[in-house]
Structures are given as C-alpha cells and as structure tokens.
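Chemist: Build the 3D model from these lines:
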Amino acid sequence: MKSIIYTLLFFVCFSCSKNNTNPTNPPIISKGKCYDTIDKGNTCTAYWENWFYDESIKNCIKKSYSGCEERGCKTIEECRICSGLGIDTSQTNHFLILKIDYLTNQFEGGKEFVFKGPKDLSSNLDISSIYNYPTDEGSVRFLYNPMQKELFWGSIMWMGSGRIGYPTFEDASKFNRLTSTISLPNFRIKSLEPNFITDRNVSKWWPAIHNLEIVKDYASTSKEIGLTVYTPNVGKTDTSKAKWIVIFQKTN
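Modeler: So this is what the prediction gives:
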C-alpha cells in the first residue's frame, strides 16, 4: 500500500513541476522581431527595408539592409506593438489622391485617406510603387510604406485596356472650389513607376486643381508629391485613356 501511495505522490509532484506558474520564476520569452539585429559581413544580396526598435531613442526607425534573412517588422504599427510603444490614435497621416485627364487636363475626381498612427514628419513621400509588367495583364500599386496601406491599384493590359480598381474616386463636382487660385508651389516631385509616359510637367495639370479648397490645405506642406501618368494599356499606348495621378500628404 505504501508503495502505491509513494508512486501517486511522485506523479502529482512531477505534474506540478511541469505546470509551474509561479510568477517569481516565469518562463523565458524571446523578444519580438522589432529587436532583431542586422547581420553584417554576410555574402547574401537580398534587400529589405523594415522597422526596428532603437533603444537609444526609445522609438521605431526604418532601416535599409541586405542579407541572407529578413529581419525586423514590415510596418511601423507592427514595430510599435512589438516594442510596447502602442499605436497613438491621436496622430494621423492624411493623403489626397487626384485624378486628372492626361490630354484635356481636366480634373475628374479625388480621394482622401486618413491613417491613424505616428506622424510622418519627414519631407520625403514614403510611398513605394509595385509594378507587375503586363506580358498579358499587369498592374501597378502604390503603398504607404510605414503602414503598408494601399493608396492606388490599377490594371494594365497588353494591347488592351485596364482599369483603376482602387480607390473609388469621388466625382469632381463633390470638391469645393475657391473664388481665388493657389499659386503653383515649388513642389519636389517623386516620380512613381511605371514610366510609359515620362511627362512630369506640373504646369500642365496644376490649373485643373489650383482653386480646389482641399488642395490649398495640402499644398501648404513641405512634403514632396507623388506623380505618375497611369496608362491602362501598353504595347500601343492610348494617351486618350491616360490619367495624371497626383498624391499629396500632410500630417495632423
């Protein structure tokens, strides 16, 4: 009988030790990706731009690096959550995308986005262009890099005609116009791919939007603007279907 009791006690104690939840001896938890270190001196040539927590400034920063393995967080939101900083929803980044006909230079519509998160105080427009060349059907996407938020998507057809799939632009009639015009600011242009039409002459399309109330608000910032000519077809580009796509950004 004693041997049976001792055996039962042994198994009970063994089970307790396996499920120990004593807060004075917690399990070791590895740090998240935001604390990754970048390998140096390796021979791999893959390239990334990701977010890392910098202990010296107590904040997340974006780093460009090459290596054999991807490190860090893809978005600033992910990095802030990983590091415990959290997302400050009182801060916002605003984007305005305008569509203007390439041949007539008539304003056709626009869309405003508001993303909650840390203010992007850089004067550079941190937008990437993801272009898939159309062997038959391709596409172009514009992403706001820190948050990986989509701003624009359009298909491109070889010897056909694609379309703008995102965003749904509000009609030009929905935008308030001023009685006065806004002088052409000294914009810094970020040219976005693709570049089937390399024209980047701001003076052509500026008169189409120079009295929009919303443009006055955005044009007062020091941010560079994104600019491209979206062509829904290639092979034999039909400029009558091409559109100026203009992207403004401001923080609030």
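
Chemist: From here on, just use CA atoms for contacts and neighbour counts.
Modeler: Will do.

Chemist: any idea where the helices of this structure begin and end?
Modeler: Using DSSP state H, the helices of the chain run over residues 2-18, 76-83, 202-209, 213-219.

Chemist: which residues of the stretch 151-252 of the chain fall in strands?
Modeler: For the stretch 151-252 of the chain, applying DSSP state E, counting those that start in this stretch gives strands covering 164-166, 170-171, 189-191, 225-230, 233-234, 243-251.

Chemist: how about CSV for those, with mean neighbour count, mean pLDDT and distance to residue 144 added?
Modeler: Shown next, in CSV, are the strands of the stretch 151-252 of the chain (neighbours: other C-alpha atoms under 10 Å; pLDDT from 0 to 100; distance: least, C-alpha to C-alpha, whole Å):
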stretch, mean neighbour count, mean pLDDT, distance to residue 144
strand 164-166, 14, 96, 14
strand 170-171, 14, 97, 20
strand 189-191, 18, 91, 13
strand 225-230, 24, 94, 11
strand 233-234, 22, 87, 25
strand 243-251, 22, 93, 10
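
Chemist: among those strands, which is nearest residue 82?
Modeler: strand 243-251 (23.8 Å; C-alpha to C-alpha).

Chemist: counting contacts, what elements does that closest one pack onto?
Modeler: Secondary-structure packing of strand 243-251 (3 or more C-alpha pairs under 8 Å, 6 or more residues apart in numbering; DSSP states H and E): strand 92-101, helix 213-219, strand 225-230.

Chemist: Spatially, which residue comes closest to residue 206, not counting chain neighbours?
Modeler: Nearest residue to residue 206, sequence neighbours excluded (C-alpha to C-alpha, 6 or more residues apart in numbering): residue 184, at 7.1 Å.

Chemist: From what I see, the one you found and residue 208 are in contact.
Modeler: No: using C-alpha atoms under 8 Å, residue 184 makes no contact with residue 208, being 11.5 Å away.

Chemist: rewinding a little: which one of the strands of the stretch 151-252 of the chain lies closest to residue 85?
Modeler: That would be, of those and by C-alpha to C-alpha, strand 243-251, which comes in at 19.7 Å.

Chemist: what are the C-alpha coordinates of the closest one, in CSV please?
Modeler: Extracted C-alpha coordinates of strand 243-251, given in CSV (Å, rounded to 0.1, in the frame of the first residue of the first chain):
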residue,chain,number,x,y,z
LYS,A,243,-4.6,59.8,-66.3
TRP,A,244,-2.4,62.0,-64.2
ILE,A,245,-2.3,60.6,-60.7
VAL,A,246,-1.2,63.1,-58.1
ILE,A,247,-0.6,62.2,-54.4
PHE,A,248,-0.3,64.7,-51.6
GLN,A,249,0.4,64.0,-48.0
LYS,A,250,0.1,66.0,-44.8
THR,A,251,0.3,65.2,-41.0
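
Chemist: Pull the residues that contact that strand.
Modeler: Counting by C-alpha atoms under 8 Å, 6 or more residues apart in numbering, strand 243-251 makes contact with 91-102, 119-121, 125, 205, 218-219, 221, 223-231, all of which sit outside it.

Chemist: try 7 Å
Modeler: 92-102, 119-120, 218, 221, 223, 225-231 (C-alpha atoms under 7 Å, 6 or more residues apart in numbering).

Chemist: which one of the helices of the chain has the lowest average pLDDT?
Modeler: Mean pLDDT per stretch puts helix 2-18 lowest among these, at a mean of 42.

Chemist: Buried deepest among the helices and strands packed on strand 243-251, which one?
Modeler: Ranked by mean neighbour count, these are led by strand 225-230 with a mean of 24 (mean count of other C-alpha atoms under 10 Å).

Chemist: quick one: which of residue 184 and residue 208 has more around it?
Modeler: residue 208 (16 against 12; other C-alpha atoms under 10 Å).

Chemist: Could you pull up the residues touching the more buried one?
Modeler: By C-alpha under 7 Å, 6+ apart, the contact set of residue 208 is 105-107.

Chemist: What of residue 91?
Modeler: With C-alpha under 7 Å, 6+ apart, residue 91 has these contacts: 116-119, 252.
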